[in-house]
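Novice: Provide a 3D model corresponding to the input given below.
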Amino acid sequence: MIRLRFFGAALPCLFLPAQLPAQTRDGDIVVEGARDPLKLDQPPQASSRLGLTIRETPASVEVLDQAQLQARGLRTARETFNDVVGAVAGNVPGNPAVVSLRGFAGNTVSILQDGVRVAASTIVQRDTNNWHYDRVEVLKGPASVLYGEGALAGVINRVTRKPVLGERHLDSLVSVGSFDTVFVAAGVNLPVTGDLAVRADASYQRSASLYDVDNNDTFSAGLTASALWRPSAQLSVLVAVDHFEDRYDATYQGLPLIPARYALRPSDAVESASGLVADRALRRRNYNPFGAYSGSNETTLRSRVDWEIGKAWTAALDVTGYTADRAFLLADTQTFVAPGGAFPNGSFQQSYQDFRHDHRFWNARGVVAHDGRLAGLRNRASLGIEHNATDFISLRQQAPASALPAVDVRNPAVLALPTSPAIFTSGNVTFDSRLRQTSLFAEDAVNMTPEWLLVGGLRWDHMALRRATIQNATGATDRNDPVFDPVSWRAGTTWVALPGVTLYAQYTTAVSPVSSILLASIANSRFKLTSGRSYEGGFKASTSDGRVSVTGAAYHIGQRDIITRDPANPSLAVQGGRQSSRGVELIAAFAPAKSLRLSGGASYTDARYDELNEVVGGAAVSRRGNRPINVPSTTLNASVLYMIADAVTLGGFLRHASAFYTDTANTMRVAGHSTLDASISVPVARGVTLTARGRNLTDAFYGEYSGYPTTNVYIGAPRSFEIALASRL
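Specialist: Purely as a prediction, here's the structure:
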């Protein structure tokens with residue numbers, strides 16, 4: 001990989017506090033009232049192609065803009081996703097920034113870039129620097145009607161920064177902190193002519209380890225650039241390029257649990273029926289071989305044309321090209337072996353895997369929309385067609401536990417990275433996937449009265465997959481060419497019950513493959529798509545002065561036809577399993593005074609397997625009623641920003657997540673946790689702000705996510721501090 005080292009030069013930087021306080025164009029710090037803090041009257045890109053505002057959308061929508069990301073100290077995708085109400089995120093090596101939302105995780109949450117879904121989030125998502133995003137939009141609940149298969153639990157849309165006509169400014173940020181962490185970023189917006197502007201942003205982050213773990217140097221960088229040409233009020237053309245790189249040395253994948261009787265500092269962070277615990281004494285240990293890593297190098301080229309045809313008609317054309325190379329080299333399991341002669345402290349026996357991705361994708365989408373009158377009623381409608389092509393080759397080599405020497409639990413010797421292909425005796429295959437997809441979709445929103453809006457949508461996807469699994473040792477090839485033709489739809493309504501108070505309800509459907517469609521085994525590719533449906537109702541309210549905004553939702557999501565085991569023949573995998581979740585969410589923002597801003601959110605999710613059998617000891621065992629892995633029942637976040645003397649801003653940020661399980665049997669329980677962050681920001685010159693921040697100030701020892709094996713748990717980063725200098729010129 002090419003590391004963009006030149007980003008490491010120290011730059012002055014911009015710290016954009018959230019809605020409060022704000023900076024004027026000339027850099028003076030001012031305090032503003034919090035107008036529309038939940039952005040209820042803004043039209044997010046992710047939730048509709050009709051230009052509906054959040055208030056008009058019959059679904060839960062949450063938006064975090066760049067100012068809020070900076071105010072809360074959110075540096076990466078994982079940190080950002082973790083701040084979404086009802087979501088938790090982790091950094092599994094093969095799936096950085098994996099998200100659990102509304103009781104579902106992995107392939108059921110779609111990650112978009114500027115409204116385009118490249119592939120399942122478990123394939124494309126990386127823990128990118130969020131400096132490059134103008135905002136992050138989250139549409140919660142099924143969204144296949146908008147984005148096709150995989151959007152069962154929700155959609156996260158990362159909207160990159162775009163040029164602004166007529167503006168000239170430089171944003172920049174540099175910070176240094178614990179664990180030898182350095183972050184440098186800058187962005188410039190330049191007007192070229194009156195109808196042409198360009199913008200470019202660059203970011204660089206390096207750390208000895210964001211988790212404070214041995215042999216886990218991390219690096220991430222990004223470069224995004226775009227040009228906006230608006231030759232007339234009716235026509236605009238955007239062209240852009242995005243490039244991101246990252247690398248995580250030694251591929252840390254969480255703390256392996258060990259029997260309590262061998263732990264030096266046993267903690268209550270994890271409880272298990274088998275007596276395994278998280279040992280604080282192993283907090284910084286990394287057992288992966290020296291030279292193992294997880295890394296990605298991806299580039300996106302895109303363009304968008306928007307045309308106001310006339311007579312309330314508009315058209316838009318998006319074209320996207322994407323290429324990525326990824327690698328995952330790691331010891332994917334650690335099996336504890338009791339103390340013996342060679343290892344008086346106990347040892348871990350490890351298996352090993354080497355996975356590679358060669359990923360190419362292009363997409364074209366055209367939409368025609370009309371905003372006019374139908375039978376005397378305001379009617380907004382859109383009709384579109386989309387086609388994309390994916391070429392995906394994945395080398396997947398796995399070695400058994402005997403392939404690597406055992407390592408001491410307390411003082412793991414640094415192993416050399418295995419180089420001989422002869423070790424890959426348990427698996428050495430190449431997945432070759434070719435996916436072609438064509439979609440037709442339509443939306444409509446009609447105002448039956450000025451206060452009552454009906455919204456509907458329909459989507460048909462034709463998905464043709466050519467899949468080959470090649471045994472590299474023998475050349476033997478197994479093929480399957482399935483075709484899927486799912487139809488998804490939604491129907492919803494919003495009603496302005498009182499001035500500033502809107503009630504809504506919606507029914508939606510969605511589809512998802514039983515596993516990632518590009519990485520599914522030949523056997524799994526022969527299964528039909530799973531189906532999902534959701535009921536949701538809620539409210540969105542704000543006061544006329546904008547000081548108070550509140551949204552609430554209650555929902556039920558069900559998924560059918562997940563893989564289970566035939567009770568009569570446990571060796572047989574069949575469709576017929578069911579999973580569901582039901583819950584409530586509340587988000588609020590309150591500005592009781594010009595100098596004070598309070599915000600927060602809470603969620604409760606009752607998630608369960610309604611029908612699921614697994615094989616244990618050769619017999620089918622039911623997991624009915626159990627909670628899915630990495631799904632806490634409750635999350636809570638809260639923040640306060642307070643300005644003193646129109647200059648110094650104090651910030652406090654609390655996050656809580658309740659307990660979750662690492663296994664479907666619910667025998668491995670990770671305790672709930674709370675973390676507290678705080679910041680103080682001081683203007684040091686016109687347009688320049690100095691910020692000091694502390695994270696996890698109580699130094700909580702907690703598990704934040706479960707990795708590949710059920711006995712590995714990611715331990716959250718310990719207490720840390722950073723200093724940031726920010727400017728806008």
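Novice: burial of the residue lying closest to residue 500 once chain neighbours are set aside, as a residue count?
Specialist: Counting by C-beta to C-beta, 6 or more residues apart in numbering, residue 500 lies nearest to residue 542, which is 5.2 Å off, once chain neighbours are set aside. Yep, even glycine has a C-beta here, placed from its N, CA and C like the rest. Other residues near residue 542 number 23, with proximity taken as other C-beta atoms under 10 Å.
Novice: check whether residue 542 really touches residue 39, as I assumed.
Specialist: No - using C-beta atoms under 8 Å, residue 542 and residue 39 do not qualify as a contacting pair, with a distance of 10.2 Å.
Novice: if we can go back for a sec, is the residue nearest to residue 500 bridged to anything, and to what?
Specialist: For residue 542, the beta-bridge partners are residue 549 (DSSP bridges).
Novice: next up, the contacts around it.
Specialist: With contacts defined as C-beta atoms under 8 Å, 6 or more residues apart in numbering, the neighbours of residue 542 are 36, 38, 40, 500, 548-550.
Novice: could the residues you listed go into a markdown table alongside neighbour count?
Specialist: Output for these, formatted as a markdown table (neighbours: other C-beta atoms under 10 Å):
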| residue | neighbour count |
| --- | --- |
| 36 | 16 |
| 38 | 25 |
| 40 | 22 |
| 500 | 17 |
| 548 | 19 |
| 549 | 24 |
| 550 | 17 |
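Novice: and which of those residues is nearest to residue 199?
Specialist: residue 36 (24.8 Å; C-beta to C-beta).
Novice: which strand or helix spans the closest one?
Specialist: Using DSSP states H and E, residue 36 maps to neither a helix nor a strand.
Novice: what sits up against stretch 657-669?
Specialist: For stretch 657-669, contacts defined as C-beta under 8 Å, 6+ apart pick out 88, 257, 270-274, 276, 609, 612, 614, 621, 623, 626-636, 670-673, 704, 706, 710-711, 713.
Novice: 7 Å - rerun?
Specialist: 88, 270-274, 609, 612, 614, 623, 626-627, 629-635, 670-673, 706, 710, 713 (C-beta atoms under 7 Å, 6 or more residues apart in numbering).
Novice: same question for stretch 47-61.
Specialist: By C-beta under 7 Å, 6+ apart, the list of residues contacting stretch 47-61 from outside reads 39-44, 137-141, 367, 369, 380, 382, 384, 443, 445, 453, 455, 492-494, 502, 504-506, 536, 538, 540, 553, 585.
Novice: please produce a ChimeraX select command covering the buried subset of the contacts of stretch 657-669.
Specialist: With 16 or more other C-beta atoms under 10 Å as the criterion, this ChimeraX line picks the buried residues out of the contacts of stretch 657-669:
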select :88,270,271,272,609,612,614,623,626,627,629,630,631,632,633,635,670,671,672,673,706,710,713
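Novice: SS state for residue 53?
Specialist: Look at residue 53: counting by DSSP: H, G, I helix; E, B strand; the rest coil, its state is coil.
Novice: neighbours around it, how many?
Specialist: Applying the criterion other C-beta under 10 Å, we find 19 residues in the vicinity of residue 53.
Novice: now it. Its backbone dihedrals?
Specialist: Backbone torsions for residue 53, taken as degrees, to the nearest 10, come to phi -80, psi 170.
Novice: now swap in residue 282 and tell me
Specialist: Dihedral angles of residue 282 (phi, psi; degrees, to the nearest 10) stand at phi -100, psi 10.
Novice: just the pLDDT for it.
Specialist: Among the per-residue scores, residue 282 shows a pLDDT of 95.
Novice: my guess is it contacts residue 262. True?
Specialist: No - counting by C-beta atoms under 7 Å, residue 262 is not a contact partner of residue 282; they are 10.4 Å apart.
Novice: looking at these two, which is more packed in?
Specialist: When neighbours are counted by other C-beta under 10 Å, residue 282 and residue 262 differ, and residue 282 comes out ahead with 20 against 16.
Novice: quick check: phi and psi at the nearest residue to that one once chain neighbours are set aside.
Specialist: Nearest residue to residue 282, sequence neighbours excluded (C-beta to C-beta, 6+ apart): residue 255, at 6.1 Å. Per-residue torsions, residue 255: phi -80, psi 120 (degrees, to the nearest 10).
Novice: show me where this structure has helices.
Specialist: Applying DSSP state H to the chain gives helices spanning 66-71, 77-82, 121-124, 144-147, 522-525.
Novice: report the rounded mean pLDDT for the last one.
Specialist: Helix 522-525 shows a mean pLDDT of 77 in the predicted model.
Novice: contacts for it, please.
Specialist: Under the contact criterion C-beta under 7 Å, 6+ apart, helix 522-525 has outside partners 465, 467, 469, 478, 480, 482, 514-515.
Novice: the nearest residue to residue 648 once chain neighbours are set aside - how many residues pack around it?
Specialist: Of all residues not flanking residue 648 in the chain, residue 682 sits nearest, at 5.4 Å (C-beta to C-beta, 6+ apart). The criterion is other C-beta under 10 Å. On that basis, residue 682 has 14 neighbouring residues.
Novice: surely residue 682 touches residue 723?
Specialist: No - with the criterion set as C-beta under 7 Å, residue 682 and residue 723 do not qualify as a contacting pair; they are 11.2 Å apart.
Novice: circling back: contact partners for the residue nearest to residue 282?
Specialist: Taking C-beta under 7 Å, 6+ apart as the contact definition, residue 255 lies against 278, 282, 712-713, 715.
Novice: mind redoing it with 10 Å?
Specialist: Residue 255 makes contact with 211, 213, 267, 269-270, 278-280, 282-287, 334, 703, 707, 711-715 under the criterion C-beta atoms under 10 Å, 6 or more residues apart in numbering.
Novice: and it, what are its bridge partners?
Specialist: When bridges are taken as DSSP bridges, the partners of residue 255 come out as residue 713.
Novice: now do residue 596
Specialist: Partner residues in beta bridges with residue 596, using DSSP bridges, are residue 593, residue 642.
Novice: do I have it right that it meets residue 639?
Specialist: No - Residue 596 lies out of contact with residue 639 (C-beta atoms under 10 Å); the separation is 11.5 Å.
Novice: for residue 441, give its distance to residue 506.
Specialist: The span separating residue 441 from residue 506 equals 17 Å under the rule C-beta to C-beta, to the nearest Å.
Novice: tell me the mean pLDDT for stretch 697-709?
Specialist: Stretch 697-709 carries an average pLDDT of 91.
Novice: buried set for that stretch?
Specialist: Of the residues in stretch 697-709, those with enough neighbours to count as buried (16+ other C-beta under 10 Å) are 700-709.
Novice: now those residues in a markdown table, with distance to residue 66?
Specialist: Converted to a markdown table, those look like this (distance: C-beta to C-beta, whole Å):
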| residue | distance to residue 66 |
| --- | --- |
| 700 | 28 |
| 701 | 32 |
| 702 | 28 |
| 703 | 30 |
| 704 | 24 |
| 705 | 25 |
| 706 | 31 |
| 707 | 30 |
| 708 | 33 |
| 709 | 37 |
